[in-house]
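In: let's see this in three dimensions:
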Amino acid sequence: MRKLYTGLAWTVAGAVVVQAAAIAFAFGGMLNLVSEGGVVDKALLESFQAGGVGELGFMIHAVVGAGLIPLLALTLLVVSFFVRVRGARLWAAIVFGLVALQVTLGFSITDMPYLGLIHGANALAVVATASIAALRSRRGRVADATDASPARAEGASPDAVAA
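Out: Predicted structure coming up:
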């Protein structure tokens, strides 16, 4: 289960990197279209027939961002309840919350374009927290019933002398 959890966390981080590459490809294609004399207007966007280089990037960004990443984050959260790693549920919940915020921001950008600034910054937060979740599960101690006492959690032995 630990390997599944770690793999899911790395997959979430990797999918966000794919998102960045896809949107860069899309905007590069859009700039190419404009530099060659094309016009980007509402009619072009509604026709879904831009046919320019990079148009596929917008589709990849939409499918991966609205479908794949939320599914991966939810799966990571579910798996975190079965893996025996300290902090797994917390980090999976943080990843899931940030992904939920990311999807909300992504769908709200058309109404409030300045949310795009937060959308980009939040993507970095998703990558960071998913990476932390993966790294902590690889190096983290396995949580078990004997580690329930606060003294054990801090690394103190039962023979320790109180100051």
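In: make sure I have this right: residue 106 is in a strand.
Out: No - assessed with DSSP: H, G, I helix; E, B strand; the rest coil, residue 106 is helix; it does not lie in a strand.
In: spit out the contact partners of the residue nearest the centre of the chain.
Out: Centroid check for the chain by Cα atoms, centre = their mean gives residue 126 as the closest residue, at 3.9 Å. The contact partners of residue 126, taken as Cβ atoms under 8 Å, 6 or more residues apart in numbering, are 12, 13, 16, 69, 95, 98, 99, 102. Yep, even glycine has a C-beta here, placed from its N, CA and C like the rest.
In: widest-spaced pair of those residues?
Out: 13 and 102 (12.9 Å; Cβ to Cβ).
In: pick out whichever of those two has more residues nearby.
Out: residue 102 (24 against 20; other Cβ atoms under 10 Å).
In: returning to what we had before: how close does the residue nearest to the centre of the chain sit to residue 27?
Out: Distance from residue 126 to residue 27, counting by Cβ to Cβ, to the nearest Å: 20 Å.
In: burial of the closest residue to residue 88 other than its chain neighbours, as a residue count?
Out: Among residues not flanking residue 88 along the chain, residue 80 sits closest, at 4.3 Å (Cβ to Cβ, 6 or more residues apart in numbering). Neighbouring residues of residue 80 were enumerated by other Cβ under 10 Å; the total is 24.
In: in this structure residue 80 contacts residue 5, no?
Out: Yes - judged on Cβ atoms under 8 Å, residue 80 makes contact with residue 5 at a distance of 6.3 Å.
In: which residues are common contacts for these two?
Out: With Cβ under 8 Å, 6+ apart, residue 80 and residue 5 have common neighbours 88, 92.
In: and residue 77, what does it touch?
Out: So residue 77 contacts 89, 92, 93, 95, 96 (Cβ under 8 Å, 6+ apart).
In: er, residue 60 I mean
Out: If a contact means Cβ under 8 Å, 6+ apart, then residue 60 has 18, 22, 25, 26 as its contacts.
In: mind putting those into CSV with neighbour count?
Out: Putting the contacts of residue 60 into CSV (neighbours: other Cβ atoms under 10 Å) gives the following:
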residue, neighbour count
18, 15
22, 21
25, 18
26, 21
